[in-house]
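**Student:** fold the following.
(chains A and B)
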Amino acid sequence: MRRALPATLAIAVAATVAVAVPGSSATTKNVKVGDDYFVRVGMPFPTVTVKRNTRVRWQFRGDSAHDVTVRKGPVKFASKAMTEGSYSRKMTRRGTYRILCTIHGAGTQSMTLRVTR
Amino acid sequence: MRGRGVIGTSCALALLAALALAPASASARAQTFTLKSKPFALSGFQTTFPKVGVPTPRHSGYITQMDAWLVDSRGRRITIRDVMLHHIVFINNGRRGGPPKNTSCPGRSGGEPFWGTGEEKQPLILPRGYGYQVAKREEWSMQAMLMSHSLQAHVVRVVYRVRMVIGAEMKRVKPLWLRANGCTNHPSYDIEGDMPPGGVHQREHLWRMPHNGRIVATSAHLHGSAYGMTIKQPRCEDRTLIESKPLYGYPKDAVYEARPVLHEPGPIATGHFQSQTGLPVRAGEMLRVTGLYDGTRPHPRVMAIAHVYVAFDDDAPRACLPPPQDARIHWTRSDGRSAAPVMTLPIHGLGKDGTVQEIERPPGAEVFASEPRVRVSLTRERFVPANLSVARGTEVTWNFLDPSLHNVTLAAGPRHVASANVGRGAHYARTLNTPGTYKLFCYLHPITMTQVISVRP
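**Tutor:** This is a model prediction of the structure:
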């Protein structure tokens, strides 16, 4: 039993890793949060499309404080105001999410997130 | 807004009824126009200085009253807790292609400021029978300072209400903008804070009267820590013609509750002088305008500006007559205190929970410097180093490396430190001769840009 258990665990871990590694890269979408834009500077109001159950990770790369707030969408969520680090959210409900930075306003820093089947 | 519009209409109707009794003025009417500026978008804690053209009533006549306030994108009034109208000035630029309108500074063009106010929220109210003449095709602009007290972005407009008399002759007034610091490039000036206990800082300028007339109305724009301002008449043994005294809010007043505290709150009222008889002045005579402030603590960028309305009158007496019986100071508010409260501004930072908090010092280790000259960088919206220790007498130079505008402003400390708003390539130097702790920030980026400098004895 003592020898069989680690082997079983090893197989189980290997299976998990085999599923999780390609799965995590395929189901996480990084979105840059800069001064004062989402995704990329010079792209005023971008649209990002992901499949349902994708984890979206907003990465704060600007000098100023920003946040990520759903103004309109199937689910409302909001990050705290941040100057660094990241905020992530698994998108389990499909639909269109209008997202803005409330610190800089919809007219300055907003994006659309489409979650498809 | 609607309610006020109704009041305005009622007053207009009442005046119309009164004028109907006077055949000579049968076509005269008083009308109130409620107008608004274009929208201005403010990010969290942003301070902006819009200078824009604004709609006019598009009528010829005389302005007798005026006031202004901020509304949000849905037209609802905005309070100081969200965005503050720090100050506003309306400027008459005249007709396009017509004769230029000038400021009160000789030779300086740029239009004629005809009404302004600040935290004191003083409306323009001219005595009965007097008006500021405007023509239908004149163009106006507006200069303002909008200061957000909210982490949330806001879209605001300035709504302004103009009461006019149309179709009747009135006694014409000339608006004069008389600053205690004269015709300097910037309307504000700094107070070092080096006076002994009880010290009163005085700044004065002599202004030449452009024509014969009578001062019929005056208001004053002052900042926090002001004791007041005076207009004196040197040719009449330097007697005081008008004294404006500030009224400060009680500790629970909204001006002290708004967070974060980005500046020393100003008076909630400064009084409004009015006299139908007026105070006679002669063309060419000098008036001494003095701003009085606490001189024992540093106060960056204070203002002392008298808005003086002089009615044209070539028959204004030369004699130094006693003040007219009808001279009055009107107050918009009375729920305040006359003593200037002592305020110490905190510095702020973003807490781990994403909220704005008062901080003792910014993050980062203190850099100990022993050189006689030390450089600080303003880069990527940070002071580098954020915590600094220097010896007494060190010259500190702040180098502005970001493309966006920044400033160095004293929140608390023993002596004044205050740069202008400047961009990449600019420098600001100051020799710190007084030991103590200097808490500094950029008031355009008050959450991310803070610095503490300890000056060793």
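**Student:** can we go C-alpha only for contacts and neighbour counts from here?
**Tutor:** Fine.
**Student:** ok, stretch B:442-457 near chain A or not?
**Tutor:** Yes: legend: contact between stretch B:442-457 and chain A by C-alpha under 8 Å from any C-alpha of the partner chain is shown at B:T448.
**Student:** so for that stretch, what gets flagged as buried?
**Tutor:** Judged by neighbour count using 16 or more other C-alpha atoms under 10 Å in any protein chain shown, the buried positions of stretch B:442-457 are B:442-456.
**Student:** cool, stretch B:95-110 as well?
**Tutor:** Buried residues in stretch B:95-110 (16+ other C-alpha under 10 Å): B:101-105.
**Student:** next one: phi and psi at B:I242?
**Tutor:** phi -140, psi 130 (degrees, to the nearest 10).
**Student:** now do the contacts for the nearest residue to it once chain neighbours are set aside.
**Tutor:** Of all residues not flanking B:I242 in the chain, B:I231 sits nearest, at 5.2 Å (C-alpha to C-alpha, 6 or more residues apart in numbering or on different chains). By C-alpha atoms under 8 Å, 6 or more residues apart in numbering or on different chains, B:I231 lies in contact with B:240-243, B:287-290.
**Student:** what do you get for B:G364?
**Tutor:** For B:G364, the contact set (C-alpha under 8 Å, 6+ apart) comprises B:386-387.
**Student:** sec struct for it, please.
**Tutor:** Following DSSP: H, G, I helix; E, B strand; the rest coil, B:G364 is assigned to coil.
**Student:** distance of it relative to B:T450?
**Tutor:** Going from B:G364 to B:T450 by C-alpha to C-alpha, to the nearest Å gives 11 Å.
**Student:** intersection of neighbour lists for the two?
**Tutor:** Residues touching both B:G364 and B:T450 (C-alpha under 8 Å, 6+ apart) are B:A386.
**Student:** residue 91 pairs with what?
**Tutor:** Picking chain A for this. Note on A:M91: beta-bridge partners by DSSP bridges are A:T54.
**Student:** the intended chain is chain B.
**Tutor:** Beta bridges link B:I91 to B:P113, B:S141, judged by DSSP bridges.
**Student:** show me the contacts for it.
**Tutor:** B:111-115, B:140-143.
**Student:** looking at those, which has the most residues close by?
**Tutor:** Neighbour counts for the contacts of B:I91, by other C-alpha atoms under 10 Å in any protein chain shown, peak at B:W115, which reaches 25 neighbours.
**Student:** show the pLDDT at residue 67.
**Tutor:** In the absence of a named chain, chain A is used. In this model, A:D67 is scored at 95, pLDDT.
**Student:** should've been chain B
**Tutor:** As summarised for this prediction, B:D67 has a pLDDT of 96.
**Student:** pull the contacting residues for it.
**Tutor:** Each residue near B:D67 by C-alpha under 8 Å, 6+ apart is listed here: B:121-124, B:160-162.
**Student:** 7 Å - rerun?
**Tutor:** B:123-124, B:160-162 (C-alpha atoms under 7 Å, 6 or more residues apart in numbering or on different chains).
**Student:** likewise B:D238?
**Tutor:** B:K232.
**Student:** need the max-distance pair from the contacts of B:D67.
**Tutor:** Greatest spatial distance among the contacts of B:D67 (C-alpha to C-alpha): B:L124 and B:Y160, at 11.3 Å.
**Student:** and the strands in the stretch 251-400 of chain B?
**Tutor:** B:272-281, B:286-294, B:299-302, B:304-312, B:328-330, B:336-337, B:347-350, B:356-359, B:366-368, B:373-379, B:382-384, B:387-391, B:394-400 (DSSP state E, counting those that start in this stretch).
**Student:** try chain A
**Tutor:** A:28-34, A:37-38, A:47-51, A:54-60, A:69-72, A:86-91, A:95-100, A:110-116 (DSSP state E).
**Student:** in TSV, list the buried residues of stretch B:95-110 along with distance to chain A and pLDDT.
**Tutor:** Listed next are these as TSV, based on distance: C-alpha to the nearest C-alpha, whole Å; pLDDT from 0 to 100:
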residue	distance to chain A	pLDDT
B:K101	36	88
B:N102	37	85
B:T103	36	85
B:S104	38	86
B:C105	38	88
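**Student:** what's the closest of the residues you listed to B:G278?
**Tutor:** Using C-alpha to C-alpha, these come closest to B:G278 at B:S104, 19.9 Å.
**Student:** residues from chain A in reach of chain B?
**Tutor:** A:63-64, A:80-82, A:102-105 (C-alpha under 7 Å from any C-alpha of the partner chain).
**Student:** nearest to A:R52, out of the residues you listed: which one, please.
**Tutor:** Checking these against A:R52 with C-alpha to C-alpha, the nearest one is A:K80 at 23.8 Å.
**Student:** phi, psi for the closest one please.
**Tutor:** Backbone torsions of A:K80, given as degrees, to the nearest 10, read phi -80, psi 170.
**Student:** would you enumerate the residues in contact with it?
**Tutor:** Contacts here follow C-alpha under 7 Å, 6+ apart; on that basis A:K80 touches A:67, B:353-354.
**Student:** and it, how far from B:L287?
**Tutor:** The gap separating A:K80 from B:L287 is 55 Å, by C-alpha to C-alpha.
**Student:** in this structure A:G62 contacts A:G34, no?
**Tutor:** Yes: using C-alpha atoms under 7 Å, A:G62 is in contact with A:G34, at 4.2 Å.
**Student:** could you dump the contacts of A:K80 to TSV with distance to B:G249 and neighbour count?
**Tutor:** Below are the contacts of A:K80 laid out as TSV (distance: C-alpha to C-alpha, whole Å; neighbours: other C-alpha atoms under 10 Å in any protein chain shown):
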residue	distance to B:G249	neighbour count
A:D67	35	23
B:D353	32	11
B:G354	31	16
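**Student:** which residues of the stretch 101-250 of chain B lie near chain A?
**Tutor:** Counting by C-alpha under 7 Å from any C-alpha, the stretch 101-250 of chain B sits next to chain A at B:151-154.
**Student:** ok, 10 Å please
**Tutor:** Selection of the stretch 101-250 of chain B residues close to chain A by C-alpha under 10 Å from any C-alpha of the partner chain yields B:150-155.
**Student:** can you pick out the most distant pair from those?
**Tutor:** Spatial extent of those (C-alpha to C-alpha) is set by the pair B:L151 and B:V155 at 13.0 Å.
**Student:** need the overlap of contacts for those two.
**Tutor:** Contact criterion C-alpha atoms under 10 Å, 6 or more residues apart in numbering or on different chains; residues shared by B:L151 and B:V155: B:42-43.
**Student:** higher neighbour count, these two?
**Tutor:** Legend: neighbour count by other C-alpha under 10 Å for B:L151 and B:V155, higher for B:L151 (23 against 18).
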